[in-house]
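Visitor: Sharing a sequence plus its predicted fold:
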Amino acid sequence: MDPLSLTASIIAVLQLTGTLTSYINEIRNASKDQAKVAVEASNLYGLLATLRFRVEEAEKSQSDDPWYSQVKLLGEKDGPLDRFKDILDTMVNKLSSSRKRDQIKTALLWKFTKTDVEDALGRMERLKSLISLALTNDLFALSTAIRDDTLIVKQQTERLYTLAEQDLQNKLSSWLRIPDPSTNYHAALKKRNPETGQWLLKGQDFADWKGSTSSLMWLHGSAGCGKTILSAASLHHILKHKESYPDTMVSYFYFDFNDAEKQVSGKAIRSLLLQFALQVSDIFQELERLHQKCNNGQQQPAEHDIHSLFRKVMARPGEKYIVLDALDECTDREEPLTFIRELVDSKPQGLHFLATSRREKDIEERLGPVASYNINIQSAVVDADIRIYIRDWITIEPKMEKWSVSVQNEITTALMEKAGGMFRWVYCQLESIRQCVKLSALRKTLSSLPKSLDETYNRILRDLESRDQLSDAIKALQWLCFSNRPFQSSEMVDILAIENGDRGGFFPEERLPEPRDIMVICSSLISLTEIDEKNPAGSSNGNKNSGRKFQIQLAHFSVKEFLLSDRCAFSLEFRSQICHPIIAESCLHYLLHLCQHGPVTRELVAQYPLSLYAAQQWWRHYQTISGMINETLLDLISRLLTEEDASLHLWVQLSDMDRPRRSLGPLVDAKSLAQPLYYAAGIGVPAIVEKILGRNIEVNAQGGRYGNALRAASWGGHEAVVKMLLDAG
């Protein structure tokens, strides 16, 4: 070390400490944190000054002083003084408007506003301790403390880098608007017995697929044959393989009929790209540059940019695995089929692509010719898995304990004879068997098992009808079929407490005391999954189990297909022209009830869990059937779009039509609201627009994101409303 470098380091830190103290002292009404930093900096300044004089004396004597040899460690490159100087530089630059900020250090310290002061104070305290030890001549303690300080700082730096990286990942994911496919993977994996799927994983086709230079495996089969479980088993196997070969890249996506966000091919491709980017640093950096190019995420990337980056991933050396599940549940599947076909045709080195779907004509035409491994999931190959599934269910189901082994064998034999390779069919029969309390009833059930899923579902609905639960079941199923996302059970509890019609409204006293009773109402047509998250503070809707959260959704794609088909005995109840008005009307009843309990607060939203969906989606359901609107719906919309009773204010606070959001945003000042005409025009309700125009109001009144009602109607593509507004002047 340069003899003058330690003194120079101390002087540099002294100067910065003095500057920091001066800057903070100039701040009027300094906070407690700022004042504490100033006090600690002043105390440190005194110790540093004393240390400086001791070091200068030791340097002048030029003797082989053991004390000086140890103290010099304080001034080593990246040592305690050097690191503290960096902290001071950042703090001073943050406070000084005349200096250029060091961007890297800003990102490391000042970006994390909750910890910046604590980090700075902690660093000051440690440096004070080190200097105090130096001044007391305790050389062993000083050496140990310097070593410990270096370790602490290293750990903190790594933590900050990790936080910064995670923050960037979240930013990119939010920008690309990517849903999380891991929820589907883990849900499927949870249902799987480790013994199942071995016919595939230990088969020659799977081994050859993994060992090939570039290939597509297409797994296809009928509804309910366990394709998603097999894809999860395959993905689990691949991820285990990656643990031994870290350079292997893995990416996956699950299309999902229950979630509109997971039905779009563009989101799937973006998700695959981001997953690859998180495993390859240079691709991640290119994605970050694309984010910056798109006005730091204010604009969406062009699809050709996404595809260009994807091709760069494919051009990299090494093994690349892609798992794409349930292609038949994609709403624009021509896009992913073209994407897969072009990708496979280009034969990128090391690509192993696994896709699952039902064997539908368009999918077979595109994938069949290029699939190196074309595997039909037939009864013969999955019977062993189904037998394991039945065995496990009988073993863990408490209600099966009352039956002897011979009766349990009867159950297994009867189900295996008619399963036909369908896990879904078996699951529904087991749910029916669970309800049998007498042996005669059980044997009657086994002797009259339905022949198909359609017959199974019709039987479930008729059974609900006999138990006077059909109306509630139909209401729940209507919402689940025509919403664009799953619901939490607390939302469904409120849905079942809404009545439509002339005396309609929301009746809180009709809420189910036990949310899981929804399973009794809808039987095996729905699934209920506990959500692993903390209940928000103040969340209570009167249910004794409101602290636990459950997600409710249709149990299987085949359920939705059945309900929307003519094969359903109650198919008239599930026509879109019936369901969308019902849902829109229910949402409006709910919002108008909410108006009686305003103003909008997070506590109110927690007490009325359906409020955000009702506010954000009622008008979208209305737009779907705007040509068939009824007088009841018109009256409810008119009441909502009225200034006098604050209902309009409440709706805009919950979900501004101008800026759709998924959670409660900043509350809107009533004075900043546009006129009711603006919102009626933006949604496109001619009858309401006509009614408002009859009030002799200002047609061109300014307000809202689009400026006035005419522009809002134009933005929404509502030609009839545009014409009405032009005619009105």
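Guide: Yep, it's here. Computed from a predicted model, the values in this text were never measured in an experiment.
Visitor: what sits against Leu449?
Guide: 414-415, 418, 429 (C-beta atoms under 8 Å, 6 or more residues apart in numbering). Where C-beta positions appear, they are placed from N, C-alpha and C, glycine not excepted.
Visitor: Give me the subset of those residues that lies in helices.
Guide: Here DSSP state H is the test, and the contacts of Leu449 give 414-415, 418, 429 as lying in helices.
Visitor: Just the buried subset of the residues you listed, written out for ChimeraX, thanks.
Guide: In ChimeraX, this line selects whichever of the ones in helices among the contacts of Leu449 come out buried by 16 or more other C-beta atoms under 10 Å:
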select :414,415,429
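Visitor: Let's have the ones in helices among the contacts of Leu449 in a markdown table, adding pLDDT and distance to Arg459.
Guide: Formatted as a markdown table, the ones in helices among the contacts of Leu449 follow (pLDDT from 0 to 100; distance: C-beta to C-beta, whole Å):
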| residue | pLDDT | distance to Arg459 |
| --- | --- | --- |
| Ala414 | 96 | 16 |
| Leu415 | 96 | 15 |
| Lys418 | 93 | 14 |
| Gln429 | 96 | 10 |
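Visitor: Low-confidence ranges, the stretch 601-729 of the chain, go.
Guide: 626-629, 643-645, 656-672 (pLDDT under 70).
Visitor: measure Gly709 to Trp618 for me?
Guide: You called it Gly, but residue 709 is Ala. 20 Å (C-beta to C-beta, to the nearest Å).
Visitor: which of those two has more neighbours?
Guide: Ala709 (33 against 26; other C-beta atoms under 10 Å).
Visitor: Going by residue numbers, what spans are strands in the stretch 151-300 of the chain?
Guide: Remark: strands assigned in the stretch 151-300 of the chain by DSSP state E, counting those that start in this stretch are 214-220, 249-254.
Visitor: what's in contact with the longest one?
Guide: In this structure, residues lying in contact with strand 214-220 by C-beta under 8 Å, 6+ apart are 200, 205-206, 209, 227, 230-231, 340, 344, 347-359, 363-364, 367-368, 370-377.
Visitor: Pull out the buried residues from those residues.
Guide: So, by 16+ other C-beta under 10 Å, the buried ones in those are 200, 206, 209, 227, 230-231, 340, 344, 348, 350-359, 363-364, 367, 370-375, 377.
Visitor: Next step: these restricted to strands.
Guide: Secondary structure from DSSP state E places 351-357, 373-375 of those in strands.
Visitor: For Ala187, state which of those residues is nearest.
Guide: Thr356 (15.3 Å; C-beta to C-beta).
Visitor: what's the closest one in contact with, if anything?
Guide: 218-220, 227-228, 230-231, 324-327.
Visitor: Between which two of those residues is the distance greatest?
Guide: Once C-beta to C-beta is applied, the contacts of Thr356 give Trp218 and Thr228 as the farthest pair, at 14.7 Å.
Visitor: what's Val381 in contact with, if anything?
Guide: 199-200, 421.
Visitor: ignore the last one, Arg341
Guide: 366-367, 370.
Visitor: Looking at these, which one is closest to Glu40?
Guide: Leu367 (66.4 Å).
Visitor: isn't the closest one right up against Leu354?
Guide: No: between Leu367 and Leu354 there is no contact under C-beta atoms under 8 Å: 11.4 Å.
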